[in-house]
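Q: quick check, what structure comes out for this input:
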Amino acid sequence: MLPGWMARPALTIVAASLLLLMPAARAADINELTEKLPHAYIGEFLWDGDKTVQNVVITFDQVHALNEQNAEALGCGSYEVGRRVTKIKVRMFVRLSDLEVELFERSPDGDGSFETGGSHRGKLSEDFQQIDAQWTTTATGQHGQLHLRAVASAACEPAAAL
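A: Numbers count the residues shown, from 1 in each chain. Okay, here's the model as predicted:
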């Protein structure tokens, strides 16, 4: 126990030291996210009110920190419905504080009926192994549910090809 006249300066020094260490801890956390985020996910997408399951494959070939609290992952993916496959480019943002994600899809190949006007918003699990998100179409507000799980590796090909 410190005498009363020493306790206050000692607490001030400890508090100041902790404040100096906090940015380093946050930087390590964002580095951990960018290093440990799986680069491959597979799963399903289902429009609300529709029973047609779409098999989804997403791979990230680039994952980097945007700042101490946000990361970006870039890659590609594919959706398979029946025998029809649509390949896309993907861009995902992850907020470190709560593992909120927003995933954008663009540049679909094929007949042009693939919806890219919107985004998936949801959560990345704390172990980075699952993504659960809701798609919202900007123009109509139509929703769908995306459920992905990490896999060791995948290619931007239909899930049936894995």
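
Q: is it correct that Glu72 falls within a strand?
A: Yes - membership of Glu72 in a strand is supported by DSSP: H, G, I helix; E, B strand; the rest coil.

Q: for Leu146, see how far away it is.
A: Using CB to CB, to the nearest Å, one gets 18 Å for the distance from Glu72 to Leu146. (C-beta placed from N, C-alpha, C; glycine too.)

Q: out of these two, which sits in the more crowded spot?
A: Neighbour totals were compared for Glu72 and Leu146, and Leu146 leads with 22 against 15 (other CB atoms under 10 Å).

Q: surely the more buried one meets Val56?
A: Yes - when contacts are counted by CB atoms under 8 Å, Leu146 is listed as touching Val56 (6.9 Å).

Q: please identify the helix or strand for the spatially closest residue to Val53 that is not a sequence neighbour.
A: Among residues not flanking Val53 along the chain, Glu44 sits closest, at 5.2 Å (CB to CB, 6 or more residues apart in numbering). Element membership for Glu44 (DSSP states H and E) is strand 40-47.

Q: returning to what we had before: which ones are touching the residue nearest to Val53?
A: 53-56, 146-147 (CB atoms under 8 Å, 6 or more residues apart in numbering).

Q: hmm, try it at 10 Å
A: For Glu44, the contact set (CB atoms under 10 Å, 6 or more residues apart in numbering) comprises 53-56, 79, 145-149, 159.

Q: so of those, which ones are in strands?
A: 54-56, 79, 145-149 (DSSP state E).

Q: let me have those in CSV, extended by distance to Ser107 and pLDDT.
A: Putting those into CSV (distance: CB to CB, whole Å; pLDDT from 0 to 100) gives the following:
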residue, distance to Ser107, pLDDT
Gln54, 18, 95
Asn55, 19, 96
Val56, 16, 96
Tyr79, 13, 93
Gln145, 23, 98
Leu146, 18, 98
His147, 23, 98
Leu148, 20, 98
Arg149, 25, 98
